[in-house]
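Undergrad: using only what follows, build the 3D model:
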Amino acid sequence: MKQLQICSKGLFGVIAIGFSYGIYRIFRGFTKGEFRENIKQQIVKCYNDSTNKGFVEPFDILQTFSKNEQGIEFHIKLVKSLAKKPVGYQQNINPLIEPFEEGQLVMKLQKYNLLLNKYPVNPYHTLLVPEQFIHQSEKFSKEYLSLTYDILCAVEGFAFFNSHSEAGASLDHKHVQIVSKLAFQSANILNHIREWQFERSVKEQNKFIRLRYLKKIKHFILFFNQDQLQSKNCDEQQQQNLIYETYERLLNKCQVDNIQDLKHNLIMTQEFMMIVVRKKANYNGVSFNAVCFTGSLLAKNEQECEKLKQARIIEILENLAEVDEYVYQDIDEC
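TA: Numbers count the residues shown, from 1 in each chain. Sure thing, here's the model as predicted:
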């Protein structure tokens, strides 16, 4: 049985706990809330320690600029750490498998490693990565998505995923990225979706949704069944099934025979999951991953920042995604 390793005393302090994820509650009596609180504490401690010791590049925003389009306030940020991020990694070296750099590993969860992002786009930015190599374009497992959900709930943030280089992926080893609640300060597309649902008197959990100002592009949103997912009686198997059912319905809506051919971004919050089908990673020489579809556009230098200031943000997003001119009868617009 694999052990859960937790960064506690120093960067590589390890507590050997004799249980694996999925049955930890049976053997230790941990509740879901206690497990998530433990994750949160370890992320905060390891991030602060690793930042102080130089593994994590400090999250410094050199410039911030806002643009209001179609009622959404988009944020353009010049992030200092992104300028230091390597364009490509040395051949045959995978930075997402052991041995890790000092300060990189937060905790080990059965078949997955929770790692700090060396070049964060927000404080407490982590990666959830399978121990064994799985290609980025492969389908998520139930366990992987459910564990991702636990982590994003722990930090009260959201997760994002880039399936392919044309969708903004920089590495082939499958990884999903999770940022803390601080990221919602500039994720106004996600805030808009949440507020829209909150204000509705009748909530249709199973109905697909699209953003009215992005209806030219192929994207779909589904809300989770919150009554079931947030219930104290929702066990691990139920959580896995509820999240995976939402994932499969979104994939089916995209109408693709082979998921490896589906270049897309996936974004998951505590309330919903969204897929955007991509056609390219760049606009006017600036690269974008899933973060741009949250309402936050990141630049790594002043030249990129200036290009974003001069452009229409919605036009950028429309150029990055697949065109979808189909008129849907079963979808709400928000």
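Undergrad: using PDB, list the CA coordinates for the helix or strand containing Cys153.
TA: In this structure, Cys153 sits in helix 142-154 according to DSSP states H and E. Extracted C-alpha coordinates of helix 142-154, given in PDB (Å, rounded to 0.1, in the frame of the first residue of the first chain):
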ATOM      1  CA  LYS A 142     -12.800   9.100 -12.400                       C
ATOM      2  CA  GLU A 143     -10.200   9.100  -9.600                       C
ATOM      3  CA  TYR A 144      -8.100  11.900 -11.100                       C
ATOM      4  CA  LEU A 145     -11.100  14.300 -11.600                       C
ATOM      5  CA  SER A 146     -12.400  13.600  -8.100                       C
ATOM      6  CA  LEU A 147      -9.100  14.200  -6.500                       C
ATOM      7  CA  THR A 148      -8.700  17.400  -8.500                       C
ATOM      8  CA  TYR A 149     -12.100  18.500  -7.100                       C
ATOM      9  CA  ASP A 150     -11.000  17.800  -3.600                       C
ATOM     10  CA  ILE A 151      -7.900  20.000  -4.000                       C
ATOM     11  CA  LEU A 152      -9.800  22.900  -5.700                       C
ATOM     12  CA  CYS A 153     -12.300  22.700  -2.800                       C
ATOM     13  CA  ALA A 154      -9.500  22.800  -0.300                       C
END
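Undergrad: all helices of the stretch 51-200 of the chain, in order?
TA: Secondary structure of the stretch 51-200 of the chain (DSSP state H, counting those that start in this stretch): helices located at 142-154, 188-199.
Undergrad: mean neighbour count, the ones you listed: which tops it?
TA: helix 142-154 (a mean of 22; mean count of other C-beta atoms under 10 Å). (C-beta placed from N, C-alpha, C; glycine too.)
Undergrad: ok now that helix, how far from the chain's centre?
TA: Remark: helix 142-154 is offset 10 Å from the chain centroid, using C-alpha atoms, centre = their mean, to the nearest Å.
Undergrad: number of residues surrounding Ile61?
TA: 14 (other C-beta atoms under 10 Å).
Undergrad: shift numbering so it begins at 48
TA: Got it, the first residue is 48 from now on, which makes the last one we talked about Ile108.
Undergrad: which non-adjacent residue is nearest it?
TA: When the adjacent residues along the chain are set aside, Ile108 lies closest to Lys124, with 5.3 Å between them (C-beta to C-beta, 6 or more residues apart in numbering).
Undergrad: where does this structure dip in pLDDT?
TA: Judged by pLDDT under 70, the chain has its weakly predicted residues at 48-76, 134-139.
Undergrad: the residue lying closest to Phe340 once chain neighbours are set aside is in what secondary structure piece?
TA: Nearest residue to Phe340 in three dimensions, chain neighbours excluded: Val323, at 5.1 Å (C-beta to C-beta, 6+ apart). Using DSSP H and E, Val323 falls within strand 319-324.
Undergrad: quick one: that strand to helix 189-201, angle?
TA: Interaxial angle, strand 319-324 versus helix 189-201 (axes from the mean of the first three to the mean of the last three C-alpha atoms, to 10 degrees): 120 degrees.
Undergrad: other SSEs contacting strand 319-324?
TA: Applying 3 or more C-beta pairs under 8 Å, 6 or more residues apart in numbering; DSSP states H and E, one finds that strand 319-324 contacts helix 235-246, strand 266-270, helix 283-300, strand 311-315.
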